[in-house]
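**Q** Dropping a prediction and its sequence here:
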Amino acid sequence: MNCRRCGQLLFTQPSLTALISLRPLVKATLCNQCRQAFDRIDQAHCCQDCGRADVDGRCRDCMRWRKMDEPVLQNRGLFTYNDAMKDWIERYKGIGDYNLRDSFASDIVQFMQMRGCAFVPLTTEAGHFAERGFDPVLGLFAPLPLREWLVKDNTQMPQAKKNRAARLKTPQSFRCVATKEEMAKFDRICLLDDLYTTGRTLHHAAAAILTAGYKGKVISRSLIR
Ligand SMILES: [Zn+2]
Ligand SMILES: [Zn+2]
């Protein structure tokens, strides 16, 4: 296999620890050099609400979210949005290179080892799916058992083309299609998204789940914060 980022041949041999852990093996898809280009968030030192890197307590954006009539969300992100990640997102979502979907598969599987938790991806709206031909969030989180409980209606303008103020004003466009009984089988629901920017999208998704009658805890995980 070749490195998803630089294309050099990968010599992957599972480590002894990986072999004896009895966990499903997820092959490395990036070479060591390319892995180092991405900036992992120190989970012991990030905003307790949104997972933003290098924050003590709660960041200013999250203080604002707390004052609004919105569900409190505990998000954690794997990587910061540094140059390497911006470039990766552009290649994956902008250009639409679907081969890149498993670039972080092993990180995702390790990061999301949670019991009694339903993983609910924030799926793409139909219009974007038709344009791109694939759903970037489903591709990214494919190694997890996903439950497609949220449907996103077509919005007028994609989030990526909006500034911060416009993003925050975006109206709710998620609908929960799961029944209360189905959701009640899980203590927690973990929403999954590729990128946490303002938090508007994830808060809407959480609200849709709660409005549909879910009584457990809703948390979220994003590849990038
Ligand atoms: Zn590489
Ligand atoms: Zn925060």
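**A** That came through, no problem. Residues are numbered from 1 along each chain as shown. Ligands and ions are numbered 1, 2, ... in the order given.
**Q** So which helix or strand of the chain has the lowest pLDDT on average?
**A** When the helices and strands of the chain are compared on mean pLDDT, DSSP states H and E, helix 16-20 comes out lowest with a mean of 67.
**Q** moving C-terminal of it, what's the next helix or strand?
**A** helix 32-37 (DSSP states H and E).
**Q** what sits up against that following helix?
**A** Cys3, Arg4, Arg5, Cys6, Asn82, Ala84 (Cβ atoms under 8 Å, 6 or more residues apart in numbering). Any C-beta I mention is one placed from the backbone N, CA and C, and that applies to glycine too.
**Q** repeat for stretch 138-150
**A** Counting by Cβ under 8 Å, 6+ apart, 26, 98, 101-102, 104-105, 108-109, 112, 118-124, 174-178, 182-183, 191-192, 194, 205, 208-209, 223 sit against stretch 138-150.
**Q** same check, this time on stretch 56-74
**A** 45, 47-50, 52, 198-199, 202-203, 206-207, 210, 218-220.
**Q** and if you look at stretch 123-136?
**A** Counting by Cβ under 8 Å, 6+ apart, residues outside stretch 123-136 touching it are 92-93, 96, 98, 101, 121, 137-138, 148, 150-155, 158, 173, 194.
**Q** mind redoing it with 10 Å?
**A** 89, 92-96, 98, 100-101, 121-122, 137-138, 141-142, 146, 148-156, 158, 173-174, 192-195, 205, 223 (Cβ atoms under 10 Å, 6 or more residues apart in numbering).
**Q** One more: stretch 177-189?
**A** 74, 114-120, 147-151, 176, 205-206, 208-210, 212-220.
**Q** Which members of those residues are classed as buried?
**A** Neighbour counting over the contacts of stretch 177-189 (16 or more other Cβ atoms under 10 Å) leaves 74, 117-120, 149-150, 176, 205-206, 208-209, 212, 214, 216, 218-220 as the buried ones.
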